[in-house]
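S.K.: Predicted model, plus sequence, below.
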Amino acid sequence: MTAIPANKKFLTAAEVAEILDVSVSTAYRIVKKMNDKLAAEGKIIVPGKIAARYFYEHVYI
């Protein structure tokens, strides 16, 4: 497992896959679901990436 710097603002789907130990396609679905929720709240999103703080606050690992 590659260490992901703590100061990263966004995580890519590949990094999410590594953190959660899932396939990249599953990680893309997770990122999309989280981004859809943020978009519904009126937030600006980056497709294929998720805000690191939001990810760690909403995923139990």
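M.R.: Sure, I can see it.
S.K.: got a list of what the residue minimising distance to the centre of the chain touches?
M.R.: The residue lying closest to the centre of the chain (CA atoms, centre = their mean) is Ile50, at 3.8 Å. Shown in contact with Ile50 (CB atoms under 8 Å, 6 or more residues apart in numbering): Phe10, Leu11, Val16, Val31, Met34, Asn35. In this view, the C-beta of every residue, glycine as well, is placed from N, C-alpha and C.
S.K.: do the same with Leu38
M.R.: Leu38 neighbours (CB under 8 Å, 6+ apart): Ile45, Ala51, Tyr54.
S.K.: Next one: the first one, what pLDDT does it get?
M.R.: To tie it back to what came earlier, the one meant is Ile45. For Ile45, the model assigns a pLDDT of 93.
S.K.: report the longest helix in the protein, please.
M.R.: Secondary structure of the chain per DSSP state H: the longest helix is helix 24-40.
S.K.: Now that we have the contacts of Leu38, can you turn them into CSV and tack on distance to Ala39 and secondary structure?
M.R.: What follows is the contacts of Leu38, written out as CSV (distance: CB to CB, whole Å; DSSP: H, G, I helix; E, B strand; the rest coil):
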residue, distance to Ala39, secondary structure
Ile45, 5, coil
Ala51, 12, strand
Tyr54, 12, helix
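S.K.: quick revisit: buried only: go through the contacts of Ile50 for me.
M.R.: Leu11, Val16, Val31, Met34, Asn35 (16 or more other CB atoms under 10 Å).
S.K.: Next, give phi and psi for the second one.
M.R.: In this case it means Val16. Note on Val16: its backbone torsions stand at phi -60, psi -40 [degrees, to the nearest 10].
S.K.: Per-residue pLDDT of the residue of the chain positioned farthest from its centre, please?
M.R.: In the chain, counting by CA atoms, centre = their mean, Gly42 sits farthest out from the average C-alpha position, at 17.6 Å. On pLDDT, Gly42 comes in at 96.
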